[in-house]
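[1] just coords:
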């Protein structure tokens, strides 16, 4: 089974506004068919809007049916599913669904769309989760964002009822081309399907696969607005620290918004976490997230007689996945059973201890001296051992002191930006006066300081103590005897 976690598309630079009300207090109740916004400029009929973007797990996507720009009321296609507080952020979004593809290689052109795709995008601080029960570690995936209501070109209707098969009879094929992603929508909007055009002929669109439901005459067929197909890569960074935890535990009480009061995009914090994890891995020389490794190791006769003791280059170790011995002139390597492995996970070393009833009864001599016919007479041989293993901490088992260091390191990138915006960019003080009244505001900004310098300097002092301590704990005894 594979669990895919697909992030929401970056919408940091799209049109923004806020949910409004008569007294700027209270909530918009679930089931509302219209909302009032502070400024509808930049919003058009047919747009997708994310309500409560970045601020909680209560975000949802709605579709604009009509706009009254005088009253600033936006009518929706359908209703809101959740309650929303006045003042929350509304951002125009480019997509509302995502298509999932699967293949046996990383060539996305050979991937095919999966059953159950497309799925609705989850527009909050979490991910859109897609579970492939038949997925394995060797499978590759890709994804493509989709706007299910806009048209990228072709737009027509069914000229005859569809009941089965691959062909759609349409009024016109103008604007469509082979390979286009299309959306078929019922006349009342109650259901929709997504397919790809396999071929075109006069008045007919041939799809890549049949529809599961029938569609009446007049059903809409349009070319979908889609993003670039992207190869999916598993991300284990959130198993160490999530954006939500970073904000709650290390940035609590800070204003994480731009000059207009809109929250910083999630991509900023995600980048900061990835950079912090990668930097700490290099500093400690320890894998924090599960990482597949392959190494060559030299054969030493003394270590071999000690039940093939091997010290891996990276630790901690989650598991050893394959062990082979390959003599330089040999065609086929000798692979050892994994049940022989006696692993010390925290220090990354292991012995091979043959089990009773296995091939060891033939190949094992006293003191674990097995397979002697391969290297008899040699005290040393380079790169004889070929070892595959997974280094790092298991998900959910990263020590708290490591998480604390990652969190403090991750604060520097977003808080340096946020600190520059406190009181306005590059403004150390400002004042205003009228009719004998005046007001002055001084900030901590200067040539050497920003708004959050105090917190960052405190984190810097703590890191100077904590990082060397962890270095000593994990890599204190790297020693070789010649």
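    Perfect, thanks for sending it. Note that the structure is a prediction, hence the values are computed from the model and not measured.
[2] CA only for contacts and neighbour counts going forward, please
    OK.
[3] next, the buried residues of stretch 237-251.
    By neighbour count with 16 or more other Cα atoms under 10 Å, stretch 237-251 contains the buried residues 237, 238, 239, 240, 241, 242, 243, 244, 246, 247, 250, 251.
[4] and the second one, its phi and psi?
    Comment: the main-chain dihedrals of residue 238 come out as phi -70, psi -10, following degrees, to the nearest 10.
[5] what do you get for the first one?
    Dihedral angles of residue 237 (phi, psi; degrees, to the nearest 10) stand at phi -60, psi -40.
[6] ok, back up a step: just checking, which of the buried residues of stretch 237-251 belong to helices?
    Judged by DSSP state H, the buried residues of stretch 237-251 include 243, 244, 246, 247, 250 as members of helices.
[7] and the residues you listed as CSV, adding distance to residue 314 and pLDDT?
    Converted to CSV, those look like this (distance: Cα to Cα, whole Å; pLDDT from 0 to 100):
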residue, distance to residue 314, pLDDT
243, 27, 83
244, 30, 82
246, 27, 90
247, 31, 89
250, 29, 91
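[8] residue boundaries of the strands in the stretch 351-482 of the chain?
    With DSSP state E, counting those that start in this stretch as the criterion, the stretch 351-482 of the chain has strands at 380-391, 429-434, 437-442.
[9] other residues contacting the longest one?
    Judged by Cα atoms under 8 Å, 6 or more residues apart in numbering, the contacts made with strand 380-391 from elsewhere in the structure are 287, 289-301, 314-328.
[10] buried ones from those residues, can you make that a ChimeraX selection?
    The following ChimeraX line selects those of the contacts of strand 380-391 that are buried, judged by 16+ other Cα under 10 Å:
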select :287,289,290,293,296,297,299,300,301,314,315,316,317,318,319,320,323,324,325,326,327
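[11] keep only those of the contacts of strand 380-391 that are in helices.
    Per DSSP H, the contacts of strand 380-391 map to helices at residue 301.
[12] and the pLDDT for the closest residue to residue 339 other than its chain neighbours?
    Excluding its sequence neighbours, the residue lying closest to residue 339 (Cα to Cα, 6 or more residues apart in numbering) is residue 355, at 7.6 Å. Residue 355 is assigned 73 on the pLDDT scale.
[13] right, and residue 355 touches residue 338 too?
    No. Contact between residue 355 and residue 338 fails when scored by Cα atoms under 8 Å: they sit 10.4 Å apart.
[14] low pLDDT regions in the stretch 251-400 of the chain?
    259-262, 305, 330, 356-378 (pLDDT under 70).
[15] quick check, residue 303 in contact with residue 297.
    No. The pair residue 303 / residue 297 is not scored as a contact, 11.6 Å apart, by Cα under 8 Å.
[16] need the overlap of contacts for those two.
    residue 310.
[17] residue 465: what's it in contact with?
    Listed by Cα under 8 Å, 6+ apart, the contact set of residue 465 is empty.
[18] strands along the stretch 201-350 of the chain, start to end?
    Counting by DSSP E, counting those that start in this stretch, the strands of the stretch 201-350 of the chain are 204-207, 220-226, 230-231, 291-300, 310-311, 317-325, 334-335, 341-344, 349-352.
[19] same thing with the stretch 1-150 of the chain?
    Assigned by DSSP E, counting those that start in this stretch, the stretch 1-150 of the chain shows strands spanning 2-6, 16-18, 27-28, 34-36, 48-51, 60-68, 73-76, 84-85, 89-93, 97-103, 112-113, 119-120, 128-132, 140-157.
[20] between those, which gets nearest to residue 402?
    Distance to residue 402, taken as Cα to Cα, is lowest for strand 2-6 among those, at 23.7 Å.
[21] okay, the buried residues of stretch 237-251 in JSON lines with distance to residue 347 next?
    Formatted as JSON lines, those follow (distance: Cα to Cα, whole Å):
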{"residue": "237", "distance to residue 347": "22"}
{"residue": "238", "distance to residue 347": "24"}
{"residue": "239", "distance to residue 347": "22"}
{"residue": "240", "distance to residue 347": "20"}
{"residue": "241", "distance to residue 347": "24"}
{"residue": "242", "distance to residue 347": "27"}
{"residue": "243", "distance to residue 347": "30"}
{"residue": "244", "distance to residue 347": "32"}
{"residue": "246", "distance to residue 347": "29"}
{"residue": "247", "distance to residue 347": "33"}
{"residue": "250", "distance to residue 347": "30"}
{"residue": "251", "distance to residue 347": "34"}
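[22] for the residues you listed, which one is nearest residue 31?
    residue 244 (27.8 Å).
[23] once you drop chain neighbours, what's closest to residue 157?
    Excluding the flanking residues, the one nearest residue 157 by Cα to Cα, 6+ apart is residue 220, at 4.5 Å.
[24] if I look at that neighbour, what pLDDT would I see?
    Value listed for residue 220 in the pLDDT field: 91.
[25] from residue 144, how far off is it?
    Counting by Cα to Cα, to the nearest Å, the separation of residue 220 from residue 144 is 22 Å.
[26] and if you look at residue 51?
    For residue 51 relative to residue 144 (Cα to Cα), the value is 22 Å.
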